[in-house]
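# let me see the structure of the following:
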Amino acid sequence: MPTGYQTVINNGRHSILGDEPTNSKGTDLGFSPTDLILSSIGMCKVATVRFIARKNNWEIGNVEAELDQVVKRGEDGKLSTTIKVAISIEGNINDEQRQELLNQADACYVHRMIEGDWNIEKAKNLNQVEFV
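Next up, the predicted model:
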């Protein structure tokens, strides 16, 4: 791929295109890295809402999540990120059921993983590493 920072991201079954926005000298032809993180959180929350609703036989329709991030750099240079989440749940449910679905969305796997402790190892040469 000749321009920008386009990268084909593949998990062995599915592929998507990653890129940087034009203001970062990319071509904006794919998801940015932060788009992918926010999309992962949003998708997990929406899937959790659907799962819990089905488990309880609650009639819901369309579920949408909107996420936004606010990133600040501290005096020590470290980034502090706040992710704002809003979820819309259509359907024949009462306020108590809707709140339960929102609470469960906040307990989705990706949300818990991102809030947990992270240890991202230093990059190594892929030709010299075997993942198990």
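
# for the spatially most central residue of the chain, what are its contacts?
Nearest to the mean C-alpha position of the chain, by CA atoms, centre = their mean, lies Ser40 at 2.2 Å. Taking CB atoms under 8 Å, 6 or more residues apart in numbering as the contact definition, Ser40 lies against Val110. Quick note: C-beta positions are derived from backbone N, CA and C, even for glycine.

# may I ask which helix or strand encompasses it?
Secondary structure from DSSP states H and E places Ser40 in helix 33-55.

# from the chain's centroid, how far away is that helix?
Distance, stretch centre to chain centre, for helix 33-55: 7 Å (CA atoms, centre = their mean, to the nearest Å).

# which parts of the protein are helices?
Under the criterion DSSP state H, the chain contains helices at 33-55, 95-105, 109-115.

# thinking again about what came up before, so the helix holding Ser40 versus helix 95-105, what angle?
130 degrees (axes from the mean of the first three to the mean of the last three CA atoms, to 10 degrees).

# how much space separates Ile114 from Leu29?
26 Å (CB to CB, to the nearest Å).

# Val8 now?
From Val8 over to Leu29 (counting by CB to CB), the distance is 11 Å.

# cool, Arg54 as well?
When CB to CB is the yardstick, Arg54 and Leu29 sit 36 Å from each other.

# also Asp19?
Taken as CB to CB, the span from Asp19 to Leu29 is 5 Å.

# next, show the common contact partners of those two.
Between them, Asp19 and Leu29 share these contacting residues under CB under 8 Å, 6+ apart: 4, 6.

# with neighbour numbers in mind, choose between the two.
Asp19 (21 against 15; other CB atoms under 10 Å).
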